[in-house]
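J.: quick one, fold the following:
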Amino acid sequence: CFQTSKNEAGLDHYQVRSYRAWYAHITLSMLAAAYLSVTRAREAEKGDLQPTGPG
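T.: Sure, this is the predicted structure:
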């Protein structure tokens, strides 16, 4: 789950400058990861999910 978030939601693309900015970045990245997971699950239920490769 963490690796997917790093790759797809940009969880690891931030250099810490302050706690407040870091917290905002992490929060938005995790919301994006949750949205992508829900969207992927809904598409899989419909049978419309296209294979994206390993993992």
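
J.: for Y14, see how far away the spatially most central residue of the chain is.
T.: Nearest to the mean C-alpha position of the chain, by Cα atoms, centre = their mean, lies A33 at 2.4 Å. According to Cβ to Cβ, to the nearest Å, A33 and Y14 sit 14 Å apart. All C-beta atoms are positioned from the backbone trio N, CA, C, and that covers glycine.

J.: show me where this protein has strands.
T.: Shown for the chain, no strands are assigned by DSSP state E.

J.: longest helix anywhere in it?
T.: helix 19-46 (DSSP state H).

J.: how about that one: buried residues?
T.: For helix 19-46, the neighbour count (16 or more other Cβ atoms under 10 Å) marks H25, S29, A33 as buried.

J.: and that helix, how far out from the chain's middle?
T.: How far helix 19-46 lies from its chain's middle: 4 Å, per Cα atoms, centre = their mean, to the nearest Å.

J.: picking that back up, now the buried residues of helix 19-46 in JSON lines, with distance to E45 and pLDDT?
T.: Converted to JSON lines, those look like this (distance: Cβ to Cβ, whole Å; pLDDT from 0 to 100):
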{"residue": "H25", "distance to E45": "31", "pLDDT": "82"}
{"residue": "S29", "distance to E45": "25", "pLDDT": "84"}
{"residue": "A33", "distance to E45": "19", "pLDDT": "86"}
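
J.: which one of those is nearest to G47?
T.: A33 (23.2 Å; Cβ to Cβ).
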